[in-house]
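Peer 1: Predicted coordinates and the sequence they were generated for:
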Amino acid sequence: MQATSILWPVVVQILLTLLIFIPLTRRKFQAVKDGADVTKTALNNSAWPDNVLKASNNLANQFQLPVLFYVLCLIFFASNGVSVLVLALAWTFVVSRLVHSYVHITTNYVPHRMRIFILGYLVLILMTIILISQLALG
C-alpha cells in the first residue's frame, strides 16, 4: 500500500476545519445584523447567540482530537506503516468528525454527539496501539 494514501483523510479533515468557517462567518454576520453587541462579543465568545456558539465551539473542537489524528497519520506516513487497517481507521475517524460537526452545528443533540465523539476517540486509541506495536516490532 502506498504510504501517501494516509494523506487523503488528513486533507479531508483539514478541509472540514476550513469549511466550518463558512457557517461560523455567516452566523456571525447575521447575529450582528440582528443586533448582537460586537463590543461584548469581541471580548466574550459566550455573548454570541447559540447558533454562533455551536459553530464556534465546533471549530475549536477541530483543534483537539484531530491534532492527535494528524500526528498519528504523519508518523504512519513517515515510518511507512500505512496498512489497509490503518487507512480504514483513518477514514473512520474523519467520517466520525464529519458527522460530529454536522450534529454539533445543527441540532447539537449531545447524546448523539457523544457517541460519535467516542467512536473517533476509540479509533485514535486503536491507531495508537497499532503504531506502538509497529514501532516495537521494528
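Peer 2: The structure has been received and is ready for your questions.

Peer 1: residue ranges for the helices of the chain, please.
Peer 2: In the chain, the helices defined using DSSP state H lie at 7-19, 21-33, 38-41, 50-61, 65-78, 84-105, 110-137.

Peer 1: Would you quantify the distance from the residue most central in space within the chain to I132?
Peer 2: Closest to where the C-alpha atoms of the chain average out (Cα atoms, centre = their mean) is Q62, at 3.9 Å. Per Cβ to Cβ, to the nearest Å, Q62 is found 25 Å from I132. Glycine gets a C-beta too; all of them are placed from N, C-alpha and C.

Peer 1: ok, now T17?
Peer 2: For T17, the distance to I132 equals 27 Å [Cβ to Cβ].

Peer 1: quick one: which of those two has more around it?
Peer 2: Counting neighbours by other Cβ atoms under 10 Å for T17 and for I132 shows that T17 has the greater number, 17 against 10.

Peer 1: Look up the closest residue to the more buried one, ignoring the ones flanking it.
Peer 2: Nearest non-adjacent residue to T17, counting by Cβ to Cβ, 6 or more residues apart in numbering: Q62, 4.2 Å away.
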